[in-house]
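Asker: Model the following, please.
(2 chains)
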Number of protein chains: 2
Amino acid sequence: MWHIDRESDIPVYRQIADDLERRIMYGELPPGSVLPSERKLAQELKVNRSTIVQAYDELLATGLIESHRGSGRKVGTTHWGISPLRTPNWRQYAEGGSFLPNLPVIRKIRHEKQHRSTLIDMAGGELSPDLFPAEALKRMTRELDFAGSLGYADPQGDEGLRARLVSYLYDYHRIRTTEDSILVTSGSQQSLYLIAQCLLSPGDAVAVEAPSYYFSLPMFQSAGLRFIRLPVDGEGICPDDIPELHRKHRLRMIIVNPNYQNPTGTVMSAERRLRLLELAAEHGIPIVEDDPFSLTAFDEAPPLPLKALDRSSSVLYIGSMSKIVASGLRIGWLVAPQTIVQRLADARQQMDFGLSVLPQWLAAQYVGSEPFGQHLTQLREALRRKRDLTVAILERELAGEISFSVPKGGLNLWCSLHGEVDDSQLLEASIRRGILYTPGSVFGSGPGHARFAYARPREAELARGLAAFAEAWRAVRG
Amino acid sequence: MWHIDRESDIPVYRQIADDLERRIMYGELPPGSVLPSERKLAQELKVNRSTIVQAYDELLATGLIESHRGSGRKVGTTHWGISPLRTPNWRQYAEGGSFLPNLPVIRKIRHEKQHRSTLIDMAGGELSPDLFPAEALKRMTRELDFAGSLGYADPQGDEGLRARLVSYLYDYHRIRTTEDSILVTSGSQQSLYLIAQCLLSPGDAVAVEAPSYYFSLPMFQSAGLRFIRLPVDGEGICPDDIPELHRKHRLRMIIVNPNYQNPTGTVMSAERRLRLLELAAEHGIPIVEDDPFSLTAFDEAPPLPLKALDRSSSVLYIGSMSKIVASGLRIGWLVAPQTIVQRLADARQQMDFGLSVLPQWLAAQYVGSEPFGQHLTQLREALRRKRDLTVAILERELAGEISFSVPKGGLNLWCSLHGEVDDSQLLEASIRRGILYTPGSVFGSGPGHARFAYARPREAELARGLAAFAEAWRAVRG
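Answerer: Take a look at the predicted model:
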């Protein structure tokens, strides 16, 4: 990535020359590679062509690059005065490896976010900074007594935090568990990753909601898993689809997000919850229950998680602080049979030697505390306001052109767009107008869907962002 | 694992019944499984047989277990009054998965550590708690201003920390780099894991020092890599072995720990460093340089890392705070070409969404600060004292029966034992006498070697621990 700092004291041509030099020295531009033409680079960097000429001249003088009549400029093959060295082919290494890179559209979204700070971000499923309880966390951080060990933490997670989670899980979710059955993780993502790596094998069939967040994660493909789709309607998945799918594919696991499903916002009905549990138990299929949003419920007490009703020990329960406190703390948890907790803890030791003690100590103070309860009350109110605003703006700007269900919790609003449109054109047009959202295809749905994460922007940005989206929609629709 | 808490107010039989009940409810003991006999369980738990009878009677009364004349006791098949449910076969799930569990001997060592707190631990390659700069870290934690975002951190790591690392790497290691070429990781383990998962593919040949730490990590096998051995002598590996090995195996990577190698303590000679760099460049083979110990150097300035001499951009450099500050912070770094940093950052987002902001903020204050420098001076002195003590005790207790080189840095002393002995018998006998160490086979060496991690025990424990080892040695040697 090019970073030109226009406020720097270093002249722009010098910044460009320095960056090129670094790339050459670090093997990103190996000896002999062709450099972009002056015109092209000038366009890309939005500078005058003369600035590029000046930068190239600097490098020509050092011998780092060479000028060839007719074929433009190349990285010198004799830099450092040493005869040509075979720098490792880093690009090939970066493109290899068994672990798959993120989806191109996800990388594009991340790239735009990093490089265009004025974009209104309705793609990131996280809270806006003003919704983090920063003051309470700062105060509690000051009060940490550092009485615990600064050595490697218990592979299952800090004992104090696990003890606190036992009460929290009962008080807030009516889940009965013990410290031995909890694995502290860095969040839902790590819980899912450990499950995919350690409990499943290449070729295994895993049933997931369609659409769902899980389609956006190539890590499941990296693990060689086959996704079997469970379509979501207004009451969640239809559990009675499962026996037939199990006969056909031998399901090894079912992954669901019953409360305020990501992206659709659906709440699974009580009847279907019980039926799902019954069928999973009958066929001995484990359920992974991903529950990031329960405590965001705006209007009503959220339904109890499956885990609270799980009589046959079929459910692995995943929770985290990311969507309700602060994503940057990186604290989550998995409730599972002890055999599973131990297996995953052992694997994580190999991957990263466990979590930092600091955020664990802080979480042990904060989760379930009085300030935590007060924060949740405020959070729910703020999210309800943002949801109401989003709904009102969409109804005003795009009446009759889109449809959606009003979510009762979570951070996302899922839209179906009426009429045909090319999803990538729509995304491009929206980005040009300053608004970022996630196209439905990322979640495994067909064309003509969009997910708006309404928690991330500040209230004032919502109207601006959604109006820009409506404009983009009108510009590209057929 | 059984935990009987003899100081608890809950009677022991009740604790046993509760634990069994939990295992049954969580599916660890599925319906129909046979329970251990009273005698066997009594022995295992070191309680009276009547206590077990009482515990089983409790569970019989609830219907959770059933008594069958002649075939002992089994978990009931109708518990919860519901007809038999097929709890998922959790044991099978735990034993499946493509990610391999840790080596049995590593799991044994960890188990003994957790359950016998009186053991003197010379197996764990970490500092003793008194060597962590707890006061300075606590003070700096109090001063954190929480000005940064509590949202998801930059995938490459906190910018402030990366800026700090750029100066640190130059000041302490003469490595020139930029913020864009640094990936903040949770430690060397995560750096190695990301490299194995993302840059290498199953079947790839990787050359590693023999013996080395890397043999203790099944994660390389999980990634399907083949290890090619580079024997270590008093000056490190012999680089001139590489061309022949490369012809035969097509080496995709070379992993080395040139300063105070783990476990042997060897420092690679200057001549071999240059030759290694030269050959790697000639053949375009990347080098991974793992450098956890440089700043522990007791007697002299440590040699410059390979990365400081790397003219062909062949070296991925791995460092961390774990062995020099505190392992529980979980902060490390990788210096690599930008292409590689971006690839690994993208993959880590999929695995765990990056690191917690708290330890990153703290590290950004601490690394390279004045208190950091003062701490290092004290640390080096303390480690030298422990090393001297270890050497003196071993020379006294086992003169003529073992040999070793005196390490000039690092946390480990590597011994060859004279005479034949069964490694697992020796480990068992040592544990019985209260001392834990790591047998050489863990590091890929033949029988008759041991690694003593002398930093972990307090000074007073060293004499007791090593005397116990000497006793064990005399008891089992042939």
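Asker: in what helix or strand does A:R273 lie?
Answerer: A:R273 is part of helix A:270-283, with elements assigned from DSSP states H and E.
Asker: Buried residues in the longest strand seen in chain A, which are they?
Answerer: As assigned by DSSP state E, the longest strand anywhere in chain A is strand A:226-233. Of all the residues in strand A:226-233, those buried under the rule 16 or more other CB atoms under 10 Å in any protein chain shown are A:F227, A:I228, A:R229, A:L230, A:V232. Any C-beta I mention is one placed from the backbone N, CA and C, and that applies to glycine too.
Asker: Tell me the bridge partners for the first one.
Answerer: This means A:F227. Counting by DSSP bridges, A:F227 is bridged to A:V206.
Asker: residues touching it, list them.
Answerer: Going by CB atoms under 8 Å, 6 or more residues apart in numbering or on different chains, A:F227 touches A:V206, A:A207, A:V208, A:Y214, A:F215, A:F220, A:G444.
Asker: could you flag which of those are buried?
Answerer: A:V206, A:A207, A:V208, A:Y214, A:F215, A:F220, A:G444.
Asker: Pull the contacting residues for the fifth one.
Answerer: Under the criterion of CB under 8 Å, 6+ apart, the contact partners of A:F215 comprise A:V208, A:F227, A:V442, A:F443, A:G444.
Asker: Roughly how far does it sit from B:D154?
Answerer: With distances taken as CB to CB, to the nearest Å, A:F215 is found 25 Å from B:D154.
Asker: A:M321 too?
Answerer: Here A:M321 is placed at a distance of 19 Å from B:D154 (CB to CB).
Asker: Those two - which one has more neighbours?
Answerer: More crowded of A:M321 and B:D154, by other CB atoms under 10 Å in any protein chain shown: A:M321, with 23 against 17.
Asker: Need the nearest residue in space to that one, chain neighbours excluded.
Answerer: Leaving aside its sequence neighbours, A:M321 sits nearest to A:I331 (CB to CB, 6 or more residues apart in numbering or on different chains; 4.8 Å).
Asker: Repeat that for A:S430.
Answerer: A:A472 (4.2 Å).
Asker: what number of residues lie near that neighbour?
Answerer: Neighbour tally, A:A472, other CB under 10 Å: 23.
Asker: Kindly report the same for A:S33.
Answerer: Counted by other CB under 10 Å, the residues lying close to A:S33 total 13.
Asker: Can you report phi and psi for the residue lying closest to it once chain neighbours are set aside?
Answerer: Excluding the flanking residues, the one nearest A:S33 by CB to CB, 6+ apart is A:V75, at 4.9 Å. When read as degrees, to the nearest 10, the backbone of A:V75 gives phi -70, psi 130.
Asker: re earlier: if we take the contacts of A:F227, which one ends up nearest to chain B?
Answerer: Using CB to the nearest CB, A:F220 is the member of the contacts of A:F227 that lies nearest chain B, at 9.6 Å.
Asker: thought the residue nearest to A:S430 was touching A:L436?
Answerer: No - A:A472 is not in contact with A:L436 according to CB atoms under 8 Å; the separation is 11.1 Å.
Asker: Please enumerate the shared neighbours of these two.
Answerer: Counting by CB under 8 Å, 6+ apart, the common neighbours of A:A472 and A:L436 are A:S430.
Asker: How much space separates the residue nearest to A:S33 from A:E66?
Answerer: 8 Å.
Asker: With neighbour numbers in mind, choose between the two.
Answerer: Between A:V75 and A:E66, A:V75 has the larger neighbour count (other CB under 10 Å), namely 20 against 17.
Asker: Low-confidence stretches in chain A?
Answerer: Residue ranges of chain A with pLDDT under 70: A:1-3, A:25-28, A:77-85, A:478.
Asker: In contact with the residue nearest to A:M321, which residues?
Answerer: If you count contacts by CB under 8 Å, 6+ apart, A:I331 has them with A:L161, A:V184, A:S186, A:G187, A:S320, A:M321, A:L355, A:P359, A:Q360, A:A363, B:S356.
Asker: what residues go with each domain of chain A?
Answerer: In terms of domains, chain A is parsed into A:12-95, A:104-126+A:374-476, A:145-368 (source: the TED database).
Asker: Relative to its centre, which residue of chain A is most distant?
Answerer: A:R69 (48.1 Å; CA atoms, centre = their mean).
Asker: Now do the helix or strand hosting A:Q342: distance to the chain's middle.
Answerer: Using DSSP H and E, A:Q342 falls within helix A:338-352. The chain centre lies 23 Å from the centre of helix A:338-352; the measure is CA atoms, centre = their mean, to the nearest Å.
Asker: What of stretch A:121-128?
Answerer: Centroid displacement of stretch A:121-128 relative to its chain, using CA atoms, centre = their mean, is 10 Å.
Asker: and it, how far apart are its ends?
Answerer: With CA to CA, to the nearest Å applied, stretch A:121-128 spans 10 Å between its terminal residues.
Asker: do the same with stretch A:317-335
Answerer: First-to-last distance for stretch A:317-335 - CA to CA - comes to 5 Å.
Asker: chain center to it, what's the gap?
Answerer: 13 Å.
Asker: Show me which positions of it end up buried.
Answerer: Going by 16+ other CB under 10 Å, stretch A:317-335 has these buried residues: A:317-335.
Asker: same check, this time on stretch A:156-168
Answerer: For stretch A:156-168, burial by neighbour count (16+ other CB under 10 Å) applies to A:Q156, A:G157, A:D158, A:G160, A:L161, A:R162, A:R164, A:L165, A:V166, A:Y168.
Asker: residues in contact with it?
Answerer: Residues from elsewhere that reach stretch A:156-168 (CB under 8 Å, 6+ apart): A:148, A:177-180, A:182-185, A:331, A:333, A:341-342, A:345, A:354-355, A:357, A:360-361, A:363-364, A:367-368.
Asker: Of those residues, which qualify as buried by neighbour count?
Answerer: Among the contacts of stretch A:156-168, those classed as buried by 16+ other CB under 10 Å are A:148, A:177, A:179-180, A:182-185, A:331, A:333, A:341-342, A:345, A:354-355, A:357, A:360-361, A:363-364, A:367-368.
Asker: Mind checking which of these are in helices?
Answerer: Using DSSP state H, the members of the buried ones among the contacts of stretch A:156-168 that fall within helices are A:V341, A:Q342, A:A345, A:V357, A:Q360, A:W361, A:A363, A:A364.
Asker: Keep only those of these that are also close to chain B.
Answerer: A:Q342, A:V357 (CB under 8 Å from any CB of the partner chain).
Asker: Could you work out the most separated pair of the ones in helices among the buried ones among the contacts of stretch A:156-168?
Answerer: A:Q342 and A:W361 (23.2 Å; CB to CB).
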